[in-house]
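Colleague: Predicted model and sequence below, questions to follow.
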Amino acid sequence: MGAGAIGGVTAAKTAGEVRRVSVLDADGEHVNLMSDTGLLLDELGEERRVRLDAHADPGAFEGPFDFALVTLKAPHLEAALDPLVERGLAQTFVSLGNGLVQDRIAGIVGEENLVVGTVEWGATNLGPGHLAQTTRAPFVIGEPDGVTRDRTRLLAEALGTVADVRVTGNIRGQVWSKLLVNSAFSGLGAISGLLYREVVADPAGREGALAVWREGYDVGQARGIALEDVLGLPAEALVVRAPEDRSRADEALEVAMGYAGATKASMLQDLERGARTEVDVINGGVVEKGREYGVETQLNERVVELMHATERGERRPGRDVFEDLGGIIHGA
């Protein structure tokens with residue numbers, strides 16, 4: 001469900017490897033190209049075409065499918081999921097999107113029908129019928145109640161045709177750790193117009209990303225979440241509270257960028273298409289939970305404000321945001 005960068009690459013790489021793969025996407029031009037000439041997939045520099053069973057209308061599908069992989073953007077969840085649930089097209093729904101959307105999906109499909117996952121590898125939408133996988137990293141999946149079931153193992157086997165898969169009994173902690181990645185690097189990457197590695201290559205951008213990360217980490221701690229490793233690191237490796245923490249965090253960033261440095265933020269891709277971003281469930285998710293648990297999240301609040309200003313056309317992505325955030329960090 002959703003054949004953007006992550007969903008489309010996943011569909012193309014599973015096609016021919018599992019029993020049946022079908023794609024649902026609202027973009028008619030994209031759907032027609034995937035069905036007719038095939039999706040042009042750039043997989044880490046190697047191109048191939050993959051013809052997919054793609055449709056814009058859920059009424060075109062015959063179910064049930066074992067899994068519906070939900071890679072839709074947050075604003076479109078209800079409109080897309082309701083018809084599939086009504087028609088019983090999928091036995092299990094898999095949340096693979098960014099941000100805090102899992103409870104919303106569970107409310108639509110039923111928590112007993114939901115498996116949750118995160119995607120650490122990156123991909124870019126290059127245009128209708130043309131997608132690129134830009135980094136290599138794993139999926140992490142788990143059941144909301146922490147119990148690994150037959151369906152969890154079957155899903156891991158299917159996704160293993162795309163990337164490495166890790167099954168966790170603490171998907172709640174994994175989701176929050178991934179939220180730190182998205183809030184710090186996707187949030188700042190989008191409002192600055194930079195790749196992840198370009199954000200941290202800028203000294204002010206690095207300082208801002210680490211400070212945004214720390215806010216989200218503190219909210220997670222206040223919620224009692226046991227954070228999982230992400231991008232090859234424990235989440236606390238990027239937490240800076242004193243000058244002596246910085247060298248450790250700098251070393252950790254080198255490891256993290258080895259996994260994700262070439263990633264172009266999905267929210268930046270949204271801005272470039274003139275579409276709404278998911279900032280309200282990413283940085284905004286940190287802000288919402290911070291208010292609930294009494295944790296200050298000034299930097300994440302400012303990222304949300306800057307993102308919405310960019311969506312409205314009041315500003316363009318640029319490095320000036322690093323100075324803006326620096327003023328908050330240093331109390332200017």
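Modeller: Cool, got the structure. Numbering: from 1, shown residues only.
Colleague: Look up phi and psi at the closest residue to A235 other than its chain neighbours.
Modeller: Spatial nearest neighbour of A235, excluding adjacent residues (CB to CB, 6 or more residues apart in numbering): L227 at 4.0 Å. Using the backbone N, CA and C atoms, a C-beta is placed for each residue, glycine as well. Dihedral pair for L227: phi -70, psi 140, per degrees, to the nearest 10.
Colleague: Show me the shaky parts of the chain.
Modeller: Where the chain drops to pLDDT under 70, the residues are 332.
Colleague: center of it - which residue?
Modeller: N98 (3.3 Å; CA atoms, centre = their mean).
Colleague: Tell me the secondary structure at that one.
Modeller: coil (DSSP: H, G, I helix; E, B strand; the rest coil).
Colleague: List the residues that contact it.
Modeller: Taking CB atoms under 8 Å, 6 or more residues apart in numbering as the criterion, N98 is in contact with A74, K178, L179, N182, S186, S266, E278, V281, I282.
Colleague: which of the residues you listed has the most neighbours?
Modeller: Neighbour count (other CB atoms under 10 Å) singles out I282 as the most crowded of these, with 32 neighbours.
Colleague: what about it, distance to M267?
Modeller: According to CB to CB, to the nearest Å, I282 and M267 sit 7 Å apart.
Colleague: Quickly list what's touching both of those two.
Modeller: Common contacts of I282 and M267, defined by CB under 8 Å, 6+ apart, comprise S186, G187.
Colleague: Do I have it right that P83 meets A60?
Modeller: No - judged on CB atoms under 8 Å, P83 makes no contact with A60 at a distance of 11.1 Å.
Colleague: which one is the residue nearest to the centre of the chain nearest to, not counting chain neighbours?
Modeller: In space, and not counting its chain neighbours, N98 is closest to N182: 5.1 Å by CB to CB, 6+ apart.
Colleague: What are the phi and psi values at that neighbour?
Modeller: phi -70, psi -40.
Colleague: How about the backbone phi and psi for H130?
Modeller: The phi/psi pair for H130 (degrees, to the nearest 10) reads phi -150, psi 110.
Colleague: Neighbours of P243, how many?
Modeller: 7.
Colleague: residues near the residue lying closest to E78 once chain neighbours are set aside, how many?
Modeller: Spatial nearest neighbour of E78, excluding adjacent residues (CB to CB, 6+ apart): I108 at 6.4 Å. I108 has 17 neighbours, counted by other CB under 10 Å.
Colleague: quick one: which helix or strand includes I108?
Modeller: Assigned by DSSP states H and E, I108 belongs to helix 102-109.
Colleague: Direction included, what does the following helix or strand past that helix pair up with?
Modeller: Per DSSP H and E, the first helix or strand lying C-terminal to helix 102-109 is strand 114-119. Strand 114-119 sits in its sheet next to strand 90-95 (parallel), strand 139-142 (antiparallel), going by DSSP bridges.
Colleague: want to try CSV for the ones you listed, with distance to G2 and mean neighbour count as columns?
Modeller: Listed next are those as CSV, based on distance: least, CB to CB, whole Å; neighbours: other CB atoms under 10 Å:
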stretch, distance to G2, mean neighbour count
strand 90-95, 12, 22
strand 139-142, 16, 24
